[in-house]
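Asks: The following block contains a protein sequence and its predicted model.
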Amino acid sequence: MQFIIAFLLSIVLMAADHYGQILGSLRSVLLTTLTPIERAATFPQQIYNLITTDFSSINTLERENQQLKTEMLLLKAKQQQVINLELQVQRLESLLGTTGKITNQNVQIATVTFYSSNPLSQFLTLNKGNLDNVKKQQTVIDSQGIMGQIIQTTPTTSRVLLITDPEHQIPVRVQRTGQRGILSGTGHDNTQLGFIPVNSAIREGDILESSGLGGIFPAGYPVAIITQIETQGDNPYFRITATPIAKLNQSHKVLIINQQEDENWNNDFDFDLDFNLKSQKDASSKGKEP
Amino acid sequence: MTESFVNIRSSQVRWLILLTYLLGLIIDSMVLLNSSLQILPPMTLLAVLYWSGHFLDRTYFIGAFSLGVLTDALYQTTLGAHALLYCVILFMMIRNRLQFRTYPSWQQAFIIGLYLLIYQALNTLFFNPVLDDGTFVPYWSMPAAGILIWPVLSGILNKLTQNTP
């Protein structure tokens, strides 16, 4: 009798979870319960990292420091170019009389606390949740490109479905030609680009960036690089394999993007890119004034 | 499975049972972190099978269902799917548990290996996991690893259960 009840309950639960969104809060409760267990599971790895870090030589740290300083210098130089480009775009837009505007985006820094490299699912757990204003469907990026989107949140953590997960899809365009397509995860650190006709001018090495269609992912972020293009008999579409640009298995610090301006988005660790750009722009324009 | 604790009731080792469930969940979480650990069987399932085979006063379906739902949340799979698998495997175990108790440890291990093979086949049917060259062998070797782990696991739990006051 107990088996029949458990069996039926499981089927009802599966149907409710698959066909409706009513179990989102239940999953959130379960994930909250699992948070300390996930932390306990990463404990041996943390100890290992701590020990290996303690034994790393001063030379390595100095080299790493030097590398970071160089990288920061390059990024600052690029940021100056971005400010100039933004001003140019605004000037051109005013000449054309269009109302286009570079999207303002707030970002929030988060740390990866848990991850899954299982054949069933590929996700990350971040140390920011509802209490930090993290919401479902927010995009997560690293220094290289898009990693995935938030699919579940608890008060203190959130779960990110990686772009390589077989259930994940993202609208993209080829950076070089503007050709649009849908990038689907295939598992094991690879993705597949669909709906690209065989007469398209696409080649290996092309970079795919988010197209912004659908309104979930912001446009213009690099997503993947094409590594293999195959034709399949009479199939009118290519079979295209692409490797994610973001370091899905290596990134420790990531950025959660919020496309909409939110007044409550206040956190000590928040970094408002737009504010930073504006303040630098103001400073530079003041300096140019006679 | 020894006769020395036939008279012990499951309520006397309630905390031990909960502790094995907790440790099982932690080990299952560790498997997610490292693809080379996929050879390990689901420890929560092994724990439920152990307790259901040792104590006849309970069926452990509530435990199997709860652990299955937690595993679903952990693996980001459809809620209830692992719960269903756990309940089906537990049902098979309960149908034969009287006979199972009489077997020596090595023989039990092979039966557990068979249950794990069925579990893995159902797992493939339900979730269609993406298996490449690096994960195919560990994935299907899991029942064999379960055969090796069972005598150790049951030995430790037998010892702990016997020492319960």
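Replies: Perfect, I can see it now.
Asks: so where's chain A shaky on pLDDT?
Replies: For chain A, the stretches flagged by pLDDT under 70 are A:21-23, A:54-56, A:97-105, A:259-290.
Asks: That one: helices as residue ranges?
Replies: Assigned helices in chain A, in chain order: A:2-19, A:24-54, A:58-96, A:273-288 (criterion: DSSP state H).
Asks: I'd like to know which of the ones you listed is closest to B:R97.
Replies: helix A:2-19 (13.1 Å; C-beta to C-beta). The C-beta positions use only the backbone N, C-alpha and C, and glycine is treated the same way.
Asks: what is the orientation angle of the closest one with helix A:24-54?
Replies: The directions of helix A:2-19 and helix A:24-54 differ by 90 degrees, with axes from the mean of the first three to the mean of the last three C-alpha atoms, to 10 degrees as the criterion.
Asks: End to end on stretch B:39-48, go ahead and measure it.
Replies: Using C-alpha to C-alpha, to the nearest Å, the end-to-end distance of stretch B:39-48 comes to 19 Å.
Asks: what comes into contact with it?
Replies: For stretch B:39-48, contacts defined as C-beta atoms under 8 Å, 6 or more residues apart in numbering or on different chains pick out B:17, B:20-21, B:23-25, B:27-28, B:31, B:60, B:63-64, B:67, B:70-71, B:86, B:89-90, B:112, B:116, B:119, B:138, B:141-143, B:145-146, B:149-150, B:153.
Asks: Only the buried subset of those residues, as a ChimeraX command please.
Replies: Buried members of those, identified by 16 or more other C-beta atoms under 10 Å in any protein chain shown, are gathered into one ChimeraX selection as follows:
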select /B:17,20,21,24,25,27,28,31,60,63,64,67,70,71,86,89,90,112,116,119,138,142,143,145,146,149,150,153
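Asks: now, which of the contacts of stretch B:39-48 lie within helices?
Replies: If you go by DSSP H, these have B:17, B:20-21, B:23-25, B:27-28, B:31, B:63-64, B:67, B:70-71, B:86, B:89-90, B:112, B:116, B:119, B:138, B:141-143, B:145-146, B:149-150, B:153 in helices.
Asks: Any idea how many residues pack against residue 37?
Replies: All of this is about chain A. 18 (other C-beta atoms under 10 Å in any protein chain shown).
Asks: nope, chain B please
Replies: For B:L37, the tally of surrounding residues (other C-beta under 10 Å) stands at 15.
Asks: one step back: from the helices of chain A, which stretch is densest packed?
Replies: Ranked by mean neighbour count, the helices of chain A are led by helix A:2-19 with a mean of 16 (mean count of other C-beta atoms under 10 Å in any protein chain shown).
Asks: so what secondary structure elements neighbour that one?
Replies: Judged by 3 or more C-beta pairs under 8 Å, 6 or more residues apart in numbering or on different chains; DSSP states H and E, helix A:2-19 is in contact with helix B:61-75, helix B:81-95.
Asks: And the contacts of that helix?
Replies: Counting by C-beta under 8 Å, 6+ apart, helix A:2-19 makes contact with A:22-23, A:27, B:59, B:61-62, B:64-65, B:68-69, B:78-81, B:83-84, B:87-88, B:90-91, B:94, all of which sit outside it.
Asks: mind running it again at 7 Å?
Replies: Helix A:2-19 has contacts (C-beta atoms under 7 Å, 6 or more residues apart in numbering or on different chains) with A:22-23, B:59, B:61, B:65, B:78-81, B:83-84, B:87, B:91.
Asks: from these, which single one is nearest A:I257?
Replies: Set against A:I257, the nearest of the contacts of helix A:2-19 by C-beta to C-beta is A:L23 (26.7 Å).
Asks: Quick check: nearest residue in space to whichever residue of the stretch 151-290 of chain A sits closest to chain B, chain neighbours excluded?
Replies: Closest to chain B within the stretch 151-290 of chain A is A:G187: 3.0 Å, counting by C-beta to the nearest C-beta. Spatially, and ignoring its direct neighbours in sequence, A:G187 is nearest to B:V130 (3.0 Å; C-beta to C-beta, 6 or more residues apart in numbering or on different chains).
Asks: and chain A, which residues reach chain B?
Replies: For chain A, the contact set with chain B under C-beta under 7 Å from any C-beta of the partner chain comprises A:2-3, A:6-7, A:9-11, A:13-14, A:17-18, A:23, A:26-27, A:30-31, A:34, A:37-38, A:40-42, A:45, A:115-121, A:123, A:166, A:186-188.
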